[in-house]
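# Predicted model and sequence below, questions to follow.
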Amino acid sequence: MLTRKNAKNGEELSILGFGCMRMPTSGGSIDEPRAIAMIHSAIKEGINYFDTAYIYHNGKSESLLGKALLGGYREKVKVATKLPPFMVNKLENAQKIIAKQLERLQTDYIDYYLLHMLTDKPMFNRLAALGVMEWLEKLKEEGTIRNIGFSFHGSKTDFELIVRAYPWDFCQIQYNYLDENNQATKSGLQLATKLGIPVIVMEPLRGGKLVTHLPEEVKRTFSSYDPKRSPVEWALKWIWNHQEVNVVLSGMSDEAQLADNIRIACSSEANALSDEELKLFEHVKEVMMTKTKIPCTSCGYCMPCPAGVDIPGCFSCYNDKYLLKDKMVRFRYLQTLGALSVKPANASQCTSCGKCESHCPQEIAIRKQLKTVSREMEGIFYKPIVGSLRRILKLK
Ligand code: SF4
Ligand code: SF4
């Protein structure tokens, strides 16, 4: 297994991290014997970074990982887990959550602790105002957590604001060849690196959609170059080609995926792809673009929107609904467009001021298209459901 050094603390982290959100299941619950055997096998093959969260597998992921790491495995690996901001309205909530996490994980320290799924700067400000950052620093001083970070789904602008807002030990972003200009983007990855903040990458295969729902033309393009190299291998190698990336998390659901990911990780150095191979991705992206409903390239020239709409983010989710046949896309829409954050960025926030349209090099009728996105992605239930959730969670 190849490793890369964490630029902040010097730890050698395996370039492949084990994402514990898609573990094998049986009858709706985690298949414990299989999941534990996979974790042990991963450690034997050199994976030393395990990523879970308070909410994964309805709270069972942390417990499973804790159980799997008994018997001397805990000391061999780094455990990352996350605090769910939407469950934190006062510091006491966060204190109770981490106590539960330590209990579930059967450990007295967490190596990498993240604020889960920040989507915009006001969300970070809200937590900071509750005293969360000072509390995390105290936990770090005591040794209960060792590194403070955040995971991010939101716009490039908000990523830049958040990454500069605090001396983070690390961050976690969604990044793959389709998202080079989406969410944190390549420039966000480079900015974090410039600031000395190690980057962990999630969603390298967009939840598997870059494999299962890849257009036939794209599959042919990949296989015409090298019939032995699978779409998974192309996608992972593209990410590891970036030397700025420390660890790529893969949510592996069975033994074959684990073995395949390990095989690929063992031969994926940074800057290893040739110019010809990189050009292939440009062609693949062009093909994908011709199949998208709204030809948004996520260039961001239309941003910022005075009403807070994440215009490229809205179009990206909408396009995925058709391009990748993503059944979870409505959830992703809720998640990434700030339904439960201080400043929602979904399509129906648009006030039709028209400020954005003259900046769009693709000449997209942004106002009209946002209405379509709002109709299809939000429908009539979005406002009452999100409104109720926001009231329950006491969000303004
Ligand atoms: S038209 Fe809508 S999306 Fe465009 S800048 Fe105005 S409020 Fe924002
Ligand atoms: S300017 Fe146009 S192409 Fe660029 S992000 Fe905005 S809508 Fe998309």
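Right, received. Where do you want to start? Residues are numbered from 1 along each chain as shown. Ligands and ions are numbered 1, 2, ... in the order given.
# The stretch 201-350 of the chain against ligand 2: which residues are in contact?
296, 297, 298, 299, 300, 301, 302, 311, 312, 315 (CB under 6 Å from any ligand atom). From N, CA and C alone the C-beta is placed, and that goes for glycine too.
# Any chance of JSON lines for these, columns pLDDT?
JSON lines is the format used below for those (pLDDT from 0 to 100):
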{"residue": "296", "pLDDT": "84"}
{"residue": "297", "pLDDT": "77"}
{"residue": "298", "pLDDT": "80"}
{"residue": "299", "pLDDT": "79"}
{"residue": "300", "pLDDT": "80"}
{"residue": "301", "pLDDT": "82"}
{"residue": "302", "pLDDT": "90"}
{"residue": "311", "pLDDT": "94"}
{"residue": "312", "pLDDT": "91"}
{"residue": "315", "pLDDT": "93"}
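# now, which of the residues you listed lie within helices?
311, 312, 315 (DSSP state H).
# Just put these in TSV and tack on distance to residue 121 and neighbour count.
Output for these, formatted as TSV (distance: CB to CB, whole Å; neighbours: other CB atoms under 10 Å):
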residue	distance to residue 121	neighbour count
311	17	27
312	17	23
315	22	27
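# how many other residues sit next to the residue in the stretch 101-250 of the chain positioned nearest to ligand 1?
Using CB to the nearest ligand atom, the closest approach of the stretch 101-250 of the chain to ligand 1 is made by residue 155 at 12.3 Å. A total of 31 residues lie near residue 155 under the criterion other CB atoms under 10 Å.
# and it, what does it touch?
Each residue near residue 155 by CB atoms under 8 Å, 6 or more residues apart in numbering is listed here: 120, 183, 300, 303, 310, 312, 313, 345.
# Can you lay out the residues you listed as CSV showing distance to ligand 1?
Rendered in CSV, the data for these read as follows (distance: CB to the nearest ligand atom, whole Å):
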residue, distance to ligand 1
120, 15
183, 18
300, 13
303, 8
310, 9
312, 11
313, 11
345, 10
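# mind listing what the residue most central in space within the chain touches?
Per CA atoms, centre = their mean, the C-alpha nearest to the average position across the chain is that of residue 174, at 3.7 Å. Contacts for residue 174 (CB under 8 Å, 6+ apart) come out as 152, 153, 182, 183, 184, 201, 202, 203.
# For the stretch 151-300 of the chain, which segments count as helices?
156-165, 185-194, 209-212, 216-225, 231-240, 255-265, 275-290 (DSSP state H, counting those that start in this stretch).
# looking at those helices, which has the lowest confidence?
Confidence, taken as mean pLDDT, is least for helix 209-212 of those (a mean of 82).
# Pull up the gap between the nearest residue in space to residue 202 that is not next to it in sequence and residue 133, please.
Among residues not flanking residue 202 along the chain, residue 249 sits closest, at 4.8 Å (CB to CB, 6 or more residues apart in numbering). As judged by CB to CB, to the nearest Å, residue 249 and residue 133 stand 24 Å apart.
# Ok, residue 216 next?
Residue 216 is 48 Å from residue 133, by CB to CB.
# same check, this time on residue 92
16 Å.
# still on that earlier bit, out of the contacts of residue 155, who has the most neighbours?
Compared across these, residue 310 has the highest neighbour count, 30 neighbours, by other CB under 10 Å.
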